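> Following is a predicted model, sequence given first.
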Amino acid sequence: MLRTCLQAGRIEAGCDEAGRGPLAGPVAAAAVILPEGWNHPLLNDSKKMSEKNRYLLRETIEREAVAWAVEMVSPEEIDRINILNASFAAMSRAVTRLKVVPQMLLIDGNRFRTSLDIPYECIVKGDATFVSIAAASVLAKTYRDDYMNRIAEEYPVYNWKKNKGYPTREHREAVMRYGLSPYHRLSFSCHFAQPDLFGDREQATKP
């Protein structure tokens, strides 16, 4: 079972992000405050859960959490400030939208920067350790997946419904054939097979 808190009697918000590695789409982050002692047998690092269980848990988390919020940072902002800073920004913005102010942030990973006046603890593999971080990972993952499914209707050639913007061979071949969409991260051009083939974001041709 996952740990329910780092320190008992304190309002802790778990924070996690989804979408640092894709070539397209936003990075999403969630912050979650759970009731003291809350746990669920299905909850784990969202990457280790089935899609069905992620969406089942999302409904439960949203219904039973003390507070939760999800924020996304656009590809344009990712290109401007880099993906690491975009991840930090998304988590910070999610925290600011919580209806309850936390006394401590539990951050998945080994680095974090924020202008928030709230102490934080970075926890490597925190989404497989603490329930609040795992809950945040579920929300971040499912809301980003929903977003990618929506824009996949607009640009079906990249098959984002399946790859969610990650650099699969199919995705990279589609970019080589059709060029970049407005949702691609231009700063990730080194991950494309032949970046010189592609125009800028405004010149990208909609399939």
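Received it, and whenever you're ready, just let me know what you need. Numbers count the residues shown, from 1 in each chain.
> quick one: the strands in the protein?
Under the criterion DSSP state E, strands of the chain are mapped to 12-18, 27-33, 67-73, 104-108, 120-123.
> could these go into CSV alongside mean neighbour count and mean pLDDT?
Backbone N, C-alpha and C define where each C-beta goes, glycine included. Formatted as CSV, those follow (neighbours: other CB atoms under 10 Å; pLDDT from 0 to 100):
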stretch, mean neighbour count, mean pLDDT
strand 12-18, 30, 98
strand 27-33, 30, 98
strand 67-73, 22, 98
strand 104-108, 23, 98
strand 120-123, 17, 98
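> Tabulate those strands in JSON lines, adding columns for distance to Tyr166.
Below are these laid out as JSON lines (distance: least, CB to CB, whole Å):
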{"stretch": "strand 12-18", "distance to Tyr166": "11"}
{"stretch": "strand 27-33", "distance to Tyr166": "13"}
{"stretch": "strand 67-73", "distance to Tyr166": "16"}
{"stretch": "strand 104-108", "distance to Tyr166": "19"}
{"stretch": "strand 120-123", "distance to Tyr166": "24"}
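> Quick one: closest of those strands to Leu42.
In terms of CB to CB, the element of the strands of the chain nearest to Leu42 is strand 27-33, at 15.3 Å.
> on contacts alone, who are the packing partners of the closest one?
With contacts taken as 3 or more CB pairs under 8 Å, 6 or more residues apart in numbering; DSSP states H and E, strand 27-33 sits against strand 12-18, strand 67-73, helix 83-96, helix 131-154.
> Looking at the ones you listed, which one is packed in the most?
The highest average neighbour count among the helices and strands packed on strand 27-33, using mean count of other CB atoms under 10 Å, belongs to strand 12-18 at a mean of 30.
> Identify the bridge partners of the nearest residue to Trp68 once chain neighbours are set aside.
Nearest non-adjacent residue to Trp68, counting by CB to CB, 6 or more residues apart in numbering: Val32, 4.7 Å away. Val32 forms beta bridges with Gly14, Trp68, as assigned by DSSP bridges.
> ok, Lys125 - contacts?
Asp45, Asp108 (CB atoms under 8 Å, 6 or more residues apart in numbering).
> Convert the C-alpha atoms of stretch 50-68 to CSV, please.
Listed next in CSV are the C-alpha coordinates belonging to stretch 50-68 (Å, rounded to 0.1, in the frame of the first residue of the first chain):
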residue,chain,number,x,y,z
SER,A,50,-4.7,0.3,-16.9
GLU,A,51,-6.5,3.1,-18.7
LYS,A,52,-9.8,1.8,-17.3
ASN,A,53,-8.6,2.0,-13.8
ARG,A,54,-7.1,5.4,-14.3
TYR,A,55,-10.5,6.8,-15.3
LEU,A,56,-12.3,4.9,-12.5
LEU,A,57,-9.9,6.4,-10.0
ARG,A,58,-10.2,9.9,-11.4
GLU,A,59,-13.9,9.9,-10.6
THR,A,60,-13.2,8.7,-7.1
ILE,A,61,-10.3,11.1,-6.5
GLU,A,62,-12.4,14.1,-7.7
ARG,A,63,-15.3,13.1,-5.5
GLU,A,64,-13.4,12.3,-2.3
ALA,A,65,-10.4,14.7,-2.4
VAL,A,66,-10.3,17.7,-0.1
ALA,A,67,-9.1,19.7,-3.1
TRP,A,68,-7.7,19.1,-6.5
